[in-house]
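>>> Sequence and predicted structure are below.
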Amino acid sequence: MFKVPSRFLTVLCAFAVSASAAVDQCKPIGWATRSGRTSTEFNVTGGGNATSITVTTFADLQKYAKDSSPRVIYIDGTLGDGWSGRTGDRLNITGSNKTIIGLKPGTVLKAPIHISKASNIIVRNIVIQGPGSNAEQAWDNLTIENNGSKNIWIDHCEFWDGQDGNADVVKGADNVTFTWCIFGYKKKSSHNLSNLIGSSDNEPESEGKLNVTYMFNWWQAANQRKPRCRYGNVHVVNNLLTGNASITNGTDVLGVSAGHMCKVRTERNVFINEANPIYTGNANGTGVNEVIDNIFTNCSGNTRGTGTSFTPPYDYTSFMLKANEVETAVKANAGATLKSPTECDANYVEPEPPTPDKQFQAETGTITGGVSESSNGGYHGDGYVNFDKGGDVVVNVKVDTAGQYRFDIDFANGSSEARSLAISAGLDTATTLFKATGGWTVWETSEVLINLAAGENAVKFATVGGNDGPNIDQFDVTLVKAAEKDSTEEEPISIRSKSFAMVASSVYRVSIFDTKGSLMRRLNVESSKVGDVSAMTRGLPAGLYVMQLKSASVERRKFVTVK
């Protein structure tokens, strides 16, 4: 379950963008925020709250990028003496938990960046101008490689005229996001190749890895690799790709290309003056490129995709731009444009969560196998409950009158399928489905009926069958029917009640069991007659029974007495 940080609710117009997106440019998104190819969240913090260090020499930058301490490093001025081929300065980031940021807009680093076996890395607001491309195996402007290189966010950077390429992710690296970057070429060459994911069809260390997100980036006059991938699940969404015949003329120009065992989701991008925007010649029968709602302007060659790719396990739809908004937004914001390392924070005020308008907050309960979170916007109070598989939360609910209550539960389910919770109090349990809401910031209300005793009730919300659940926020309880007067303290859920109200449905499957679990009777009952307990139990020996009612979306159990 992807939990988009609440700070994504900053409006893009604060960054001089007229498009109607809601995205905080200061927070990581996409694959960098996941653990492997799962929905398990990873909090990309870089150096976190470490005291910032301002470096003015390349030697100091290299020293802090390699050490074992969390670091927040500001680059002041142009650092590095340049390089050619595989000779010269190269910034090696081999220590984890690093944030490296250009102090001013357009901060130039005269050295390519190499990230190897390091995790939780943020690189922002830096320009790397390469010496021009060639067909030799020279250094890329940026290379992220090897197992252990993961959870990396490259943001508001520029990569120009890389020798072998502009920015590659290879050899078992994983969980990388590029946002608001420029990948471009200013010099004409047959080897103006930009972004490679996976360096070989024979790269077993990359199987199940190389998961990369590109969002809000701008490719300019690159011949190929925009991107070209192997093995990974690659999400190319809300990017701008523009051709320039004066630089690319006379060369093979290829766009987004899915190769060996790679699945690409190419979604709501804009291609302008591009040849072969969607290239399928590298697929080799295993590559998939799903093409969704893109704009192709003055393009030649293929624009159609192949097959179905994957569903990203993180939320992005709540802040994704419409395709016709992408060009304006990207041109206004891509590149090393941030005026200071803290520009985002300076432009952002954390909104207070909405005041609770319901009686009970789920996050105040006792959570087992789950967490209280506040990263997805739209919740009330201090947060909401995000269940692990098999998790539950117990909330104390106090009522004055014993009887049947309607629970109105606010929930979000950003998955693609409905998810179940078993809700129980005392001896009464209802299992109900919570539909997919289309995003983890989209909250809806679901109703369920539960019997409560007068006084304190430990109400348990539990996932079902070891599966995942929705996120739940706040809920109201409303008395539907008071317990009959002959209920006792030993029978707090009114087991002699004549009423057994249900969520509306046409027919219910009713099963009646004795207290040892043996099935005594099974019948189909119209919804208008499920309250007639005596009719359904007529002829059974006197005693205590468990009655189960099931419909397509609800399962309820209740103890009943036959006299």
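It's in.
>>> shaky segments in the stretch 251-400 of the chain?
For the stretch 251-400 of the chain, the stretches with pLDDT under 70 are 344-353.
>>> Can you show me the helices along it?
323-333, 343-346 (DSSP state H, counting those that start in this stretch).
>>> Have a look at this structure and report its longest strand.
strand 384-399 (DSSP state E).
>>> Next, count neighbours for Phe421.
Careful, residue 421 is Leu; it's not Phe. 26 (other CB atoms under 10 Å). C-betas here are computed from N, CA, C, even on glycine.
>>> quick one: pLDDT of it?
Looking at Leu421, its pLDDT reads 95.
>>> so where do the helices sit in this structure?
Assigned by DSSP state H, the helices in the chain fall at 58-66, 245-248, 323-333, 343-346, 533-537.
>>> Can you tell me which helices and strands the first one packs against?
Applying 3 or more CB pairs under 8 Å, 6 or more residues apart in numbering; DSSP states H and E, we find helix 58-66 packed against strand 52-55, strand 71-75, strand 91-93, strand 98-102.
>>> if you set the cut-off to 10 Å instead, what comes out?
In this structure, helix 58-66 makes packing contacts with strand 52-55, strand 71-75, strand 91-93, strand 98-102, strand 113-116, judged by 3 or more CB pairs under 10 Å, 6 or more residues apart in numbering; DSSP states H and E.
>>> which one of the ones you listed is the most hemmed in?
strand 98-102 (a mean of 25; mean count of other CB atoms under 10 Å).
>>> strand partners of that strand, parallel vs antiparallel please.
Strand 98-102 pairs in its sheet with strand 71-75 (parallel), strand 119-124 (parallel), by DSSP bridges.
>>> mind checking which of the ones you listed is nearest Pro356?
strand 119-124 (34.3 Å; CB to CB).
>>> Report the angle between the closest one and helix 58-66.
Orientation check (axes from the mean of the first three to the mean of the last three CA atoms, to 10 degrees): strand 119-124 against helix 58-66 gives 140 degrees.
>>> how far out from the middle of the chain is strand 119-124?
18 Å (CA atoms, centre = their mean, to the nearest Å).
>>> Over to stretch 85-97?
30 Å.
>>> swap in stretch 507-519?
Centroid separation for stretch 507-519 versus its chain: 41 Å, with CA atoms, centre = their mean.
>>> As a check, name the ranges of all strands in the stretch 201-350 of the chain.
Ranges of strands within the stretch 201-350 of the chain are 212-215, 218-220, 228-229, 233-237, 240-242, 256-258, 263-267, 270-272, 278-279, 288-292, 295-297, based on DSSP state E, counting those that start in this stretch.
>>> can you redo these as TSV with distance to Asp60 and mean neighbour count?
Below are the strands of the stretch 201-350 of the chain laid out as TSV (distance: least, CB to CB, whole Å; neighbours: other CB atoms under 10 Å):
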stretch	distance to Asp60	mean neighbour count
strand 212-215	30	28
strand 218-220	31	23
strand 228-229	36	27
strand 233-237	35	26
strand 240-242	36	23
strand 256-258	39	29
strand 263-267	40	24
strand 270-272	41	22
strand 278-279	43	24
strand 288-292	43	19
strand 295-297	45	16
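>>> Kindly reformat those strands as TSV containing distance to Thr337.
Putting the strands of the stretch 201-350 of the chain into TSV (distance: least, CB to CB, whole Å) gives the following:
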stretch	distance to Thr337
strand 212-215	16
strand 218-220	12
strand 228-229	27
strand 233-237	21
strand 240-242	15
strand 256-258	25
strand 263-267	24
strand 270-272	19
strand 278-279	29
strand 288-292	28
strand 295-297	24
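>>> right, and those - which one's nearest Val44?
The nearest among the strands of the stretch 201-350 of the chain, by CB to CB, is strand 212-215 at 11.9 Å.
>>> Alpha carbons only: can I get the closest one in CSV?
Below are the C-alpha coordinates for strand 212-215, written out as CSV (Å, rounded to 0.1, in the frame of the first residue of the first chain):
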residue,chain,number,x,y,z
VAL,A,212,12.4,2.6,-11.6
THR,A,213,10.0,5.5,-11.7
TYR,A,214,10.4,8.6,-14.0
MET,A,215,7.9,11.3,-13.3
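>>> Report the distance from it to the chain centre.
12 Å.
>>> Please point out which parts of stretch 417-426 sit buried.
Residues of stretch 417-426 classed as buried: 419-426 (neighbour count, 16 or more other CB atoms under 10 Å).
>>> Take those residues and lay them out in JSON lines including distance to Gly287.
Output for those, formatted as JSON lines (distance: CB to CB, whole Å):
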{"residue": "Arg419", "distance to Gly287": "32"}
{"residue": "Ser420", "distance to Gly287": "36"}
{"residue": "Leu421", "distance to Gly287": "39"}
{"residue": "Ala422", "distance to Gly287": "42"}
{"residue": "Ile423", "distance to Gly287": "45"}
{"residue": "Ser424", "distance to Gly287": "48"}
{"residue": "Ala425", "distance to Gly287": "52"}
{"residue": "Gly426", "distance to Gly287": "56"}
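>>> Val477 is in contact with Asp400, isn't it?
No - contact between Val477 and Asp400 fails when scored by CB atoms under 10 Å: they sit 11.2 Å apart.
>>> where along the stretch 351-500 of the chain do the strands fall?
360-361, 366-373, 384-399, 403-412, 419-425, 428-434, 444-452, 455-463, 471-482.
>>> how about the ones you listed in a markdown table, adding distance to Lys98?
Formatted as a markdown table, the strands of the stretch 351-500 of the chain follow (distance: least, CB to CB, whole Å):
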| stretch | distance to Lys98 |
| --- | --- |
| strand 360-361 | 37 |
| strand 366-373 | 26 |
| strand 384-399 | 28 |
| strand 403-412 | 33 |
| strand 419-425 | 37 |
| strand 428-434 | 40 |
| strand 444-452 | 40 |
| strand 455-463 | 37 |
| strand 471-482 | 32 |
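>>> of all those, which lies closest to Glu555?
strand 428-434 (4.0 Å).
>>> and the longest strand of the chain, what does it pack onto?
Helices and strands touching strand 384-399, by 3+ CB pairs under 10 Å, 6+ apart, are strand 360-361, strand 366-373, strand 403-412, strand 419-425, strand 444-452, strand 455-463, strand 471-482.
>>> looking at those, which is closest to Val72?
The nearest among these, by CB to CB, is strand 366-373 at 24.8 Å.
>>> that older thread, can I get the strands paired with strand 98-102 in CSV with mean pLDDT and distance to Leu240?
Shown next, in CSV, are the strands paired with strand 98-102 (pLDDT from 0 to 100; distance: least, CB to CB, whole Å):
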stretch, mean pLDDT, distance to Leu240
strand 71-75, 95, 27
strand 119-124, 97, 20
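>>> low pLDDT regions in the chain?
Across the chain (using pLDDT under 70), the flagged ranges come out as 1-25, 344-353, 485-506, 515-516, 528, 552-553.
>>> center of it - which residue?
With distances taken as CA atoms, centre = their mean, Tyr314 lies nearest the centre of the chain, 1.5 Å away.
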